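1. Here's my sequence, what's the structure:
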Amino acid sequence: MKLRLFIGALCASLSLGASHLASAQTPAAPPTPAAATVAADAKPADAAAPAAAAAAAAAPAAAATPATTTPVTKAPEPNKGDTAWMMVSTLLIIMMTVPGLALFYGGLVRSKNVLSVLMQVMVTFSLVVVLWLVYGYSFAFTEGNAFFGGTSRLFGKGLFDAATGTFPNAATFSKGVVIPEIIFAAFQATFAGITSALIVGAFAERMKFSAVLIFTVIWFTFSYIPVAHMVWFWAGPDAYTDAKLVDGLNATAGMIWQWGALDFAGGTVVHINAGVAGLVGAYLVGKRVGYGKEAFPPHSLTLTMVGASLLWVGWFGFNAGSALEANGTAGLAFMNTFLATAGAVLSWIFAEWFLKGKPSMLGAASGAVAGLVAITPAAGNVGLMGALIIGLLAGVICLWGVTGLKKMLKADDALDVFGVHALGGIFGALATGIFNSPNLGGPGYVADWVTMASTKAADYSILAQFIVQAKAVGVTVLWTTVVAFIAFKVADLIVGLRVTDDEQREGLDIVSHGESAYNR
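-> Next comes the predicted model:
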């Protein structure tokens, strides 16, 4: 009954919103995804026009007194190549979630629970995408305060003007270069969706489906959205036209962006956020029946390998897409993602080979994910050798995370969400502060958004940036821990968190969904 009331209230709120509409990072070079609306009436064109060039071209041909004529500055228009790249990147992230993450997780659980994991990944992703359009995007990527955005984009308002057929644009990280804001909103929706889906691996095989959905709504609203806003929201480069405006513009950004933390594609927002929430869930939901007394081997490493491969391919959209442009920085993020992941695969299996006597397919797949996680905050923020070192170290660190650290924590983190995503994300975020330095082959960060000047090697302080990165990590860990704890407790009060022991033994596929993955 409580669940029906919860669902009824949720549907009523969505209907009300629809009726209302009917009546009506200091960042790297470039830094992390963020959007600022820069033109409300621009349509896509073949090429972006820098403001200076547009102004020069705007001089009237028949002007009698050109010396006194005020040039007209044309609003920047999206480049079709950038637009196409962002749409492809969005599709790649959808692929890395459904089916990539779903198959990766599905292969790791027992055969009686495969469908339950596939359902949890697909449905939480879908749920969050809907909530993102309703209110998530507005509260994450519009101006508000240091923690939450505003209401100007609720229910997708303003992303498309049906009366004029025009689309507003979103800033990128280059002056005079924009993309359609509706595409940026879709791109960021995939980040929100996969982050929420990652968490389900921590409490796989024993949590009620209804409780998963309730938790997801609460956690997404009060953890993902504010962390995304704190890390990624800023005014955009085109707003920085005069040094006198800098302090005021910086004050409108998210808190962690104001600190100058570097997070290219989601080390804090995605991986630490989800990984720590997963650990909280593993503690509160409790251990699986028989955990520690019987083996829970993956039922299909074939599915897991296929899922890991799809994750690797899709992650290029995740990381390289976060440049928001089809340019050299996207290429750097692309190559770093390629290189770090390969390095992590090798370091994981060789460490496993040394410690256990044999390298495993599970180790190779897990190493790939560990490398992808660790390079995420660093993708466009470090040089090639920095990326390789991050990948090589991530494989070994995350191997310890799912073995030694896991035993120390005494939690049944079923699919090692904390050991890979949280630990890998923390390492990657901290390593970004080191290898971003131009002295170590990194690109540095933009020190002055008015002139677009990057920090010089002589002025870069690794220690100072490392401290900023550590602060960002600490805030994210604390924030998501508190929100996840409350969200799980609320779900427990409404419907309860766990299925019964007998239902666990029967399997969640039959108990929760009335169907089986395999005919026997």
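2. State the helix or strand in which residue 443 lies.
-> Remark: residue 443 resides in no helix or strand, with elements defined by DSSP states H and E.
3. Any regions of the protein where pLDDT drops low?
-> For the chain, applying pLDDT under 70 flags the ranges 1-73, 520.
4. Am I right that residue 154 is in contact with residue 134?
-> Yes - counting by Cβ atoms under 8 Å, residue 154 does reach residue 134; the two are 7.2 Å apart. Just so you know, the C-beta spots here come from the backbone N, C-alpha and C atoms, and that holds for glycine as well.
5. how much space between residue 420 and residue 228?
-> 21 Å (Cβ to Cβ, to the nearest Å).
6. just how off-centre is the helix or strand residue 217 falls within within its chain?
-> According to DSSP H and E, residue 217 maps onto helix 209-219. Its chain's average C-alpha position is 19 Å from that of helix 209-219, according to Cα atoms, centre = their mean, to the nearest Å.
7. quick revisit: more crowded one of residue 154 and residue 134?
-> Taking other Cβ atoms under 10 Å, residue 154 and residue 134 do not tie; residue 154 has more neighbours (19 against 16).
8. now the helices: where do they sit in the stretch 251-400 of the chain?
-> Counting by DSSP state H, counting those that start in this stretch, the segments of the stretch 251-400 of the chain that form helices are 255-259, 273-285, 301-320, 328-356, 361-375, 384-401.
9. Save those as TSV, and put in distance to residue 233 and mean neighbour count too.
-> Shown next, in TSV, are the helices of the stretch 251-400 of the chain (distance: least, Cβ to Cβ, whole Å; neighbours: other Cβ atoms under 10 Å):
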stretch	distance to residue 233	mean neighbour count
helix 255-259	6	21
helix 273-285	15	27
helix 301-320	19	22
helix 328-356	20	21
helix 361-375	23	28
helix 384-401	26	23
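10. Tabulate the ones you listed in JSON lines, adding columns for distance to residue 436.
-> Output for those, formatted as JSON lines (distance: least, Cβ to Cβ, whole Å):
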{"stretch": "helix 255-259", "distance to residue 436": "14"}
{"stretch": "helix 273-285", "distance to residue 436": "21"}
{"stretch": "helix 301-320", "distance to residue 436": "15"}
{"stretch": "helix 328-356", "distance to residue 436": "12"}
{"stretch": "helix 361-375", "distance to residue 436": "13"}
{"stretch": "helix 384-401", "distance to residue 436": "8"}
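11. Next, the angle helix 209-219 makes with the lengthiest helix in the chain.
-> Longest helix of the chain, by residue count under DSSP state H: helix 462-494. Angle of helix 462-494 versus helix 209-219, following axes from the mean of the first three to the mean of the last three Cα atoms, to 10 degrees, is 140 degrees.
12. Residue 249: neighbouring residues, count only.
-> Neighbour tally, residue 249, other Cβ under 10 Å: 18.
13. Just give the closest residue to it, not the sequence neighbours.
-> Nearest residue to residue 249, sequence neighbours excluded (Cβ to Cβ, 6 or more residues apart in numbering): residue 235, at 4.6 Å.
14. In which helix or strand does the one you found reside?
-> Using DSSP H and E, no helix or strand contains residue 235.
15. Quickly note the distance from it to residue 241.
-> Distance of residue 235 to residue 241, computed by Cβ to Cβ: 11 Å.
16. which of those two has more neighbours?
-> Between residue 235 and residue 241, counting by other Cβ under 10 Å, residue 235 is the more crowded of the two (22 against 14).
17. Would you agree the more buried one is in contact with residue 254?
-> No - the pair residue 235 and residue 254 does not pass the contact test of Cβ under 8 Å, sitting 10.9 Å apart.
18. about what we covered before: ok, the residue nearest to residue 249 - contacts?
-> Going by Cβ atoms under 8 Å, 6 or more residues apart in numbering, residue 235 touches 36, 143, 171, 249, 252-253.
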